[in-house]
Each structure stands twice: as structure tokens, then as C-alpha cells.
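Colleague: Below: sequence and its predicted model.
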Amino acid sequence: MWLFAKKKTPSELLRENKRMLDKSIRELDRERTGMMSQEKKLIVEIKKMAKANQMGAVKVRVRDPVR
């Protein structure tokens, strides 16, 4: 690999690593946002079931976020 390819300068390596870190941060932010919205939907659903007096289903749904 290094026989015919030119070595990367430290600034090029730094740039590549920074891009990978930024990409990872964006992916984690997207995942966190998705999970937060999913949690909010689940809470609304649990409240709706509790008002309809479906306690068995509520107990099952409450355990989901813990997992």
C-alpha cells in the first residue's frame, strides 16, 4: 500500500479524522433525536391507553423504554 502511494501529510490526516468525527457526531445526534421523538409518541400512547382503562397494555408499554 505504501510502496506506490504518496504518504499523507499530518494536516491531511487531521482533516480526515475531523471529518470522521463530525460524521459520527451527526449520526449520534440523529439517532438521539429519533429516540426522543419515539419516546414522546410512546408516552402519548401510554396516556391514551391509561385513560381507556387498558392497564394490562399500559404495563407492557411501560416496560418497552426500559429495555
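Modeller: Cool, got the structure. Numbering: from 1, shown residues only.
Colleague: hey, let's count contacts and neighbours off CA atoms from now on
Modeller: Will do.
Colleague: who does the lowest-mean-pLDDT helix or strand in the chain touch, helix- and strand-wise?
Modeller: In the chain, the helix or strand scored least confidently by mean pLDDT, DSSP states H and E is helix 55-66, which has a mean of 84. Taking 3 or more Cα pairs under 8 Å, 6 or more residues apart in numbering; DSSP states H and E as contact, the helices and strands that helix 55-66 lies on are helix 10-51.
Colleague: From residue 15, how far out is the residue nearest the centre of the chain?
Modeller: With distances taken as Cα atoms, centre = their mean, the residue of the chain nearest its centroid is residue 31 (2.0 Å). Applying Cα to Cα, to the nearest Å, one obtains 24 Å for the distance of residue 31 from residue 15.
Colleague: same thing with residue 30?
Modeller: 23 Å.
Colleague: Ok, residue 62 next?
Modeller: Here the distance between residue 62 and residue 15 works out to 45 Å (Cα to Cα).
Colleague: Also residue 49?
Modeller: As judged by Cα to Cα, residue 49 and residue 15 stand 51 Å apart.
Colleague: quick one, which of the two is more surrounded?
Modeller: When residue 49 and residue 15 are compared on other Cα atoms under 10 Å, the one with more neighbours turns out to be residue 49, at 16 against 12.
Colleague: Can you give me every residue that contacts the more buried one?
Modeller: Residue 49 sits next to 55, 57, 58 when contact means Cα atoms under 8 Å, 6 or more residues apart in numbering.
Colleague: Now restrict those residues to buried residues only.
Modeller: residue 58 (16 or more other Cα atoms under 10 Å).
Colleague: any idea which of the contacts of residue 49 is the one closest to residue 21?
Modeller: Residue 21 has its nearest neighbour among the contacts of residue 49 in residue 58, at 39.9 Å by Cα to Cα.
Colleague: That closest one is in contact with residue 46, isn't it?
Modeller: Yes - Residue 58 sits in contact with residue 46 when judged by Cα atoms under 8 Å, with a separation of 5.7 Å.
Colleague: Can you pull the phi/psi pair for residue 9?
Modeller: phi -80, psi 160 (degrees, to the nearest 10).
Colleague: Would you mind measuring from it to residue 25?
Modeller: 25 Å.
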